[in-house]
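A.B. asks: need coordinates for the below:
(one chain, ligands or ions: 2)
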Amino acid sequence: MRVTGVPVTCRGLVFIYRLDGYDVVALSRVDLDIAAGEAVALVGPSGSGKSTLLSLMAGLLRPSAGSLRVGDHDLSRAGDAELQRMRATELGVVLQGDRNLIPYLSALDNVRFAQRGVPRARRVPAMDLLETVGMSGAAARTPGELTPGGRQRLSVAVGAAVGGGLLLADEPTSQLDAEARESVVAALSAVRDRGSTVVVVTHDPGVAARFGRSVTIRDGRVGAEGRRGEDFLVVGTDGAVHLPAELLTDMPPGTLLRVRRDSGSGELRLSPAETAEVRPT
Ligand code: ADP
Ligand code: MG
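C.D. replies: Residues are numbered from 1 along each chain as shown. Ligands and ions are numbered 1, 2, ... in the order given. Sure, this is the predicted structure:
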């Protein structure tokens, strides 16, 4: 059964954690467009704002400023009831660890439980979802009886269970061995092949490389982008650009770059002082 992917648009998105006496700006003016049915990896160092961005898309946090649209929903304006309905019927979240599994229910019943808010006629058969993630043989087992990779694939099925067009996953492959990691990536790809938009936060460059597009978040901003082996620099609303991580090792913060435009091709060239010329565009 195919689903219709949900697009996501962030414009000048800001999120601030308000703590006793001080604020933490976790996201500062993020601009990002994710097309319906696209698979995107969010990468970047720890503390850069990846989980915050995912939680905003999931409607678990509310934007402090700027706009965030998820399909037909304007999450900067939506009320609690709308957010709750959206979470129950349209999008799925795979939380870090196995926090979205109920330990005493079978794999099949975990998927069914996640579908309780979805009108019967719109439910994807729970067994089909287990099949999609390669877990149909373990339908009767409880999460505790599964391997770590199996539990994580079940989490993906539970995340996809609402049948919605958006699946969000936070570090779904951390703490897994290579084989289990591969099986989880395959499960996420299978969900994407059904038509869903899939957004995955990952530390693992190998996992990121398996998605069509990777977006680097650094210091609460969207930095570089890569698509099929090419790197892009994204210019923020304030004109700041962030370099891809690989270039940053050669050009640490504070490096002065000379910018020249080739008069013939129009190509931009960035050359750091005393270093070989690099051409990021
Ligand atoms: P990532 O997922 O990339 O590691 P996070 O989105 O978790 O980053 O965190 C972004 C920033 O917000 C960090 O500075 C982090 O310390 C801070 N932060 C995250 N969660 C909270 C919270 N619940 N309360 C206060 N600050 C937080
Ligand atoms: Mg995180």
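A.B. asks: so residue 269 bridges to which residues?
C.D. replies: With beta bridges defined as DSSP bridges, residue 269 has these partners: residue 260.
A.B. asks: swap in residue 93?
C.D. replies: Note on residue 93: beta-bridge partners by DSSP bridges are residue 168.
A.B. asks: now do the strands in the stretch 1-150 of the chain.
C.D. replies: Taking DSSP state E, counting those that start in this stretch, the strands of the stretch 1-150 of the chain run over residues 8-19, 22-34, 39-43, 65-70, 73-74, 91-94.
A.B. asks: which residue is the nearest non-sequential neighbour of residue 181?
C.D. replies: Spatially, and ignoring its direct neighbours in sequence, residue 181 is nearest to residue 173 (4.4 Å; CB to CB, 6 or more residues apart in numbering). All C-beta spots, glycine's among them, are computed from the backbone N, C-alpha and C.
A.B. asks: how about the residues of the stretch 51-200 of the chain by ligand 1?
C.D. replies: Residues of the stretch 51-200 of the chain lying close to ligand 1 (CB under 6 Å from any ligand atom) are 51-52.
A.B. asks: which residues of the stretch 51-200 of the chain fall in helices?
C.D. replies: For the stretch 51-200 of the chain, the helices defined by DSSP state H, counting those that start in this stretch cover 80-89, 107-114, 126-132, 148-160, 178-193.
A.B. asks: just checking, what packs against the fourth one?
C.D. replies: Contacts of helix 148-160 with other secondary structure elements, assessed using 3 or more CB pairs under 8 Å, 6 or more residues apart in numbering; DSSP states H and E, are made with strand 91-94, helix 107-114, helix 126-132, strand 166-170, helix 178-193.
A.B. asks: what's that helix in contact with?
C.D. replies: Outside helix 148-160, the residues that touch it by CB atoms under 8 Å, 6 or more residues apart in numbering are 92-95, 98, 100-101, 107, 110-111, 114, 124, 129-130, 132-135, 138, 143, 146, 167-169, 172-173, 175-177, 179-181, 183-184, 187-188, 191, 194, 196.
A.B. asks: quick check: ChimeraX command selecting the buried ones in the residues you listed.
C.D. replies: Selecting in ChimeraX just the buried members of those, where the criterion is 16 or more other CB atoms under 10 Å, is done with this command:
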select :92,93,94,95,98,100,101,107,110,111,114,124,129,130,132,133,134,135,138,143,146,167,168,169,172,173,176,180,181,183,184,187,188,191,194,196
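A.B. asks: in a helix, residue 223, correct?
C.D. replies: No - per DSSP: H, G, I helix; E, B strand; the rest coil, residue 223 lies outside any helix segment and is strand.
A.B. asks: deepest-packed of the helices of the stretch 51-200 of the chain, please.
C.D. replies: Neighbour counts averaged per stretch over the helices of the stretch 51-200 of the chain are highest for helix 148-160, at a mean of 26; criterion: mean count of other CB atoms under 10 Å.
A.B. asks: average pLDDT for it?
C.D. replies: Mean pLDDT, helix 148-160: 92.
A.B. asks: what angle sits between that helix and strand 166-170?
C.D. replies: Comparing the axes of helix 148-160 and strand 166-170 via axes from the mean of the first three to the mean of the last three CA atoms, to 10 degrees yields an angle of 140 degrees.
A.B. asks: right, so the strands of the stretch 1-150 of the chain: which one is the most enclosed?
C.D. replies: With neighbours defined as mean count of other CB under 10 Å, the strands of the stretch 1-150 of the chain peak in mean count at strand 91-94, which reaches a mean of 26.
A.B. asks: counting by contacts, list what that one packs against.
C.D. replies: In this structure, strand 91-94 packs against helix 148-160, strand 166-170, with contacts taken as 3+ CB pairs under 8 Å, 6+ apart.
A.B. asks: please compute how far that strand lies from its chain's middle.
C.D. replies: If you compare the mean C-alpha spot of strand 91-94 with that of the full chain, they lie 10 Å apart, counting by CA atoms, centre = their mean, to the nearest Å.
A.B. asks: alpha carbons of that strand, as CSV, please.
C.D. replies: The C-alpha coordinates for strand 91-94 follow below in CSV (Å, rounded to 0.1, in the frame of the first residue of the first chain):
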residue,chain,number,x,y,z
LEU,A,91,3.5,11.0,11.3
GLY,A,92,5.7,8.6,13.1
VAL,A,93,8.8,9.1,15.3
VAL,A,94,11.5,6.5,16.1
